[in-house]
Each structure stands twice: as C-alpha cells, then as structure tokens.
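[1] need a structure here:
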Amino acid sequence: NNNNNNSATMIVQIVVVLLLFYQLNGASLPDKPNIIIILADDTGYGDFQSFGHPVQERNGLDQMAAEGMMLRSFYAADSICSPSRAALLTGRYPARVGIYSADENQTTRALEPIYSGGLPREEYTIAEALQDLGYYTGMVGKWHLGINRINSNDGYYLPKHHGFDYVGLNLPHSNLLSCEEIGYHYPNGPSPADCYLYYDDIIVQQPINLDNLTARMLDETLEFITHHSEEPFFFFMSLLHTHVSLVPSPAFAGSSKRGVYGDCINEMGWAVEEIMSKLRDLSIDQKTLVLFTSDNGPLIEMCEEGGDPGVLTGGKAYLYEGGIRVPTIAWMPGYIEPSVSTEIATHLDIYPTLIELAGGTLSPDIIYDGKSLVPLLFEGSTTPHDVVFHYCSQYLFAARKGPYKVVYRTHELPSRDYIQCSCPLGFYMESNCKHTYNRGCVGDGITIEDPPVIYDLEADPRELFKLPVAQHIALLANIDKAWAMFDATFVLGDPVIDWPSSCDLVPCCNSTNAQCECNYESERGFTEGDCF
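    Residues are numbered from 1 along each chain as shown. As a prediction, this is how the structure comes out:
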C-alpha cells in the first residue's frame, strides 16, 4: 500500500511539474487575448535600427523588437496600399477580393476618391469576425479601401461598414504630397480634392492639417485601450507615417540624423512605446498581442524622403523583395519569447492567427489564403507554408519555397539617372524627367521571364545572382504542382477598380462651398484637372 501511495504521489508531482513547465513556457495562452495591429505606411525593411539601419536613432520600435519576436521573412500580399490592406483585413489575396483591374492598360492599383468601387461589404473582415467572437473593435488612421459609391457623402465603404464599432480620426483615402502646406512638392497644396480628415464617417477637416495628427490618433488609441481594458478588444492603428507627405509633429522635427523621414520614424517609435507603456500600466500587457508591420515597402523614388529597403532590392509597387518583405514584430510579454525568426509568413496569415487566438474557427464557406501562425509565434515552430505565391493584382510574379524565390515576371526599376534627375535637392520634385518604369503589372517595363529566374534568398537577399535553372528542375516542378492546385480555386473577384469613376464621388464637407473647404480658410489655387 505504501508503495502504491508513493507511486501515486510521484505521479501527481510529475503532473504538477509538467503543468507548471507548460504554463511558464507560454503554452497556456489567455482566453480571448486583446489584439492590436499597428500598420505603418510605406515603411522599408531597413528603416529601423533593429532591422539594420546604420544611423536611425533607437526608438520604441527597437524596444518592441528587443522584447518580442522579429519576423525577418514576413511578406505583404501586394506591394501597394489598397490591395495590401484588403488582404490583411480579409486573409484573402487582393484579386480574390476584387481590389484589382482587369484592364491591361490600367496601371493604377490603389483606390482613388473618384472610384465608385471599394472593399466589398460582402467580405468578412477580421474586425467582423472578432466582433462575432465577443470583441469590441476600433480603429484610427488611414483606410484607403474606398469611400463613396453613389455620391460625395454616402460613405458606403468606410470602416464602420466593415466591422469597426469605434472609428476615430481617419483618412479614408491617404496622406499625399498634395496635402502638404510647405509647398516643396506642390506649391498650391493642400488640396481639398485629395486631403480630408474624418471622424467616424463625418468629414471634420477639408483640406487636412497634418500637424500633430499622429499624437491625436495616439490619444484616441490610448483612450480606447483604457475604456475597454476589462473586455476583449481589437484595435487597428493605421499610421500615416511614413507615406509622403512627411509631416512629423514639432516635438520630433529635427530629431533624426536622417532628416524628416527619420523624424517620422522616431515619432512612430514613440507612439508604439506609448501603447506598450499603457498596456503595462493597465496590467494587460500579458493578455495583449501587439503586431507591428508595414503595408508594403518604401517609395524609393522619393530619394531622401523615401524609406530604406536595407539590403533588399526595389521598393513600393515592385515585386522585388524590397517591395513586399516588410519589417514585422510580434509582442506579448510572457508568451512570445524575445527572438528573431526567419520563417516565412505573410499578412494573409494574420487573419487565421487572430481567429485561432480568439477561440474561433474559419468559415468553411470562405476560401482563405493564409495559415495560422500561433505555433510559430508561441512555440517557435517552423513556417506553416510550403510555397508562398507573390501576386501583382491577378498576375503571378514570383513564388517563395524555402530559401528559394522563383521569379516569373519582373518590374523594370526606376533608373539611377531618373532618380537623380527628379530629386535635384535630395527630395522629389515634379519634373519632366524621362522614365520607363511601370508600377502596374502588365505592359511596357514588365518582363516575362522564360525560363523563370531563381534566387537563393538566404545567400543572396538582393536578388543579384541567378541560379542555373537546369540544376533546379525539381524545385520548379514542385512549385508548378503547388500553383496548379492553388490556381484551381483562385476565383477572381469583380474588379472594383474598373467600376465607373466620377468627380461627384469626391468627399465634400460643404456642398455650398465651391472648393469644399471647412475648418480653416484658404485662397490657394488648384491645377487644372483636379476635381475642384
């Protein structure tokens, strides 16, 4: 009997030790953790000190990287704003969602205020899915997934119709060069046709004043976190930095050796640090997953006002690594170990990851293109992907399998002569400089690679040295097989960029005012061709 009792006691002790070990190693995740996504705009892979920039000042993002998991092989689902954002919020390729054009002469891939199309309401966004799982949802910042469908104020595509309970200050379109007041790039700005600030679905400023806007959006973010700290929440902070025009708050102007771009990086880092501090103050840091990423690579044509792709080639709009590989960090103290991962993951994976964390399951009626990263983030496992496909709209440009990237189509990049011509003072100026590059997906400037080009990205992240095709026949065959299986279910959505467009759809805060201005007076002139 004593032997039996001793054995039973030993078994209980072993079970207790195993349970403690299991919990201490972060495997027992909190039920319905809070979720915050911080999305940067046009920020490069090499823009932070922790990602290798030689002079960028250390800031809150580097602290987040030191405390969390840096994901060094993380990809956007497209290389430009609207399609990339649609993929992140739906877990589906942009062309599947309809954010593309079927017109081969159309090079525009981002939604414009004159377009009657936008992110279809039928799409079941991550915000809607988390709402249904008991989360309170909110967002601030850039949207860029459509505005109006019928008239200048119907707001058909705005965030409130896509699952967000709270929508604070937001830019339904974008922050553009024509929104600056200093006149370096466009002497007649800011333009009310391009630049407006909303609160929820109401225009509160037209044209927009960018001063201290990041700080104002941060205040709303912190207030949201505080008010909903006792319930599961999802918050999407969609930053304006570092899309041009670059307008850092006065507190950060002149703070960086890199100039105004570095100032904006420092302000971004400060905002991230404030969010982490608030979570700690509320003692909810260990029940909150924070994901930082960028929608695509940097706009390299902007010279000193563009970002840095680091060792990677290319930038925004191009399907080179510099356009689609983005700086990404996952942070959840006590559950995500400080680490660096080179495992392949994408924006498409965020949706299924969050659904699993929230205790839900993916709808069997919807085809999702991502896979859950829960094992990778919380257990340090390998990538869930065998092959990742890189699309430019509906066209397959490349595939990633292990260390290899197989390229089927190639963009011509802006030449050094063009960039030097268009940036005579170090920053972009409207000019008549000749160029042949194409930011679209077909046509001049796009080369179909036959046979495909193969790179080993672990040895050659800059995509400089082509591998012999004859030595990688099996690799190509495996990718072809995987693509055939994928393509069989790749049904294109209705191309909303081809829907009718009209200046009558451009937001207007005051229809009795010929220039649709509100909040402050202006007598600026606007160039011919503007809607106003």
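[2] next, residue 38: secondary structure please.
    Three-state call for residue 38 (DSSP: H, G, I helix; E, B strand; the rest coil): strand.
[3] no no, residue 485
    Counting by three-state DSSP, the backbone at residue 485 sits in helix.
[4] just the CA trace of stretch 307-321, in CSV.
    Presented in CSV, the C-alpha positions along stretch 307-321 are these (Å, rounded to 0.1, in the frame of the first residue of the first chain):
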residue,chain,number,x,y,z
GLY,A,307,12.4,54.8,-46.9
ASP,A,308,15.2,52.2,-46.9
PRO,A,309,14.7,48.6,-48.1
GLY,A,310,18.0,47.7,-46.4
VAL,A,311,19.9,45.1,-48.3
LEU,A,312,16.8,44.3,-50.4
THR,A,313,16.2,45.4,-54.0
GLY,A,314,13.3,47.6,-55.1
GLY,A,315,10.5,49.2,-53.1
LYS,A,316,6.8,50.0,-53.2
ALA,A,317,4.9,48.9,-56.2
TYR,A,318,7.5,46.4,-57.3
LEU,A,319,7.6,42.6,-56.6
TYR,A,320,11.3,42.5,-55.7
GLU,A,321,12.0,41.7,-52.0
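[5] pLDDT on it, on average?
    Mean pLDDT, stretch 307-321: 97.
[6] show me which residues of that stretch are buried.
    By 16 or more other Cβ atoms under 10 Å, the buried positions in stretch 307-321 come out as 307-310, 312-321. C-betas here are computed from N, CA, C, even on glycine.
[7] so which of these belong to helices?
    By the criterion of DSSP state H, membership of the buried residues of stretch 307-321 in helices covers residue 321.
[8] closest to residue 110 among the buried residues of stretch 307-321?
    Closest approach between those and residue 110, by Cβ to Cβ: residue 317, at 9.3 Å.
[9] quick one on the thing from earlier: next, give me the two most distant ones among the buried residues of stretch 307-321.
    The farthest-apart pair in those, when distances are taken by Cβ to Cβ, is 308 and 319, at 18.5 Å.
[10] can you pull out the helices in this protein?
    With DSSP H, the ranges of helices along the chain come out as 2-24, 60-67, 81-90, 94-97, 126-132, 213-227, 260-281, 321-324, 350-357, 374-379, 416-422, 473-487.
[11] reformat the ones you listed as TSV; add distance to residue 333.
    Shown next, in TSV, are the helices of the chain (distance: least, Cβ to Cβ, whole Å):
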stretch	distance to residue 333
helix 2-24	13
helix 60-67	6
helix 81-90	24
helix 94-97	34
helix 126-132	22
helix 213-227	15
helix 260-281	8
helix 321-324	29
helix 350-357	15
helix 374-379	12
helix 416-422	42
helix 473-487	37
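[12] closest to residue 433 out of those?
    Taking Cβ to Cβ, helix 416-422 is the member of the helices of the chain nearest to residue 433, at 3.8 Å.
[13] what packs against that closest one?
    For helix 416-422, not one helix or strand is in contact under the criterion 3 or more Cβ pairs under 8 Å, 6 or more residues apart in numbering; DSSP states H and E.
[14] now that helix: buried residues?
    418, 419, 422.
[15] give the rounded mean pLDDT of that helix.
    Mean pLDDT, helix 416-422: 84.
[16] what would it look like as CSV? C-alpha coordinates only.
    This file holds the C-alpha atoms of helix 416-422, laid out as CSV (Å, rounded to 0.1, in the frame of the first residue of the first chain):
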residue,chain,number,x,y,z
ARG,A,416,19.6,56.0,-61.1
ASP,A,417,19.6,58.7,-63.7
TYR,A,418,15.9,59.2,-63.3
ILE,A,419,16.1,59.4,-59.6
GLN,A,420,18.9,61.9,-59.6
CYS,A,421,17.0,64.0,-62.2
SER,A,422,13.8,64.0,-60.2
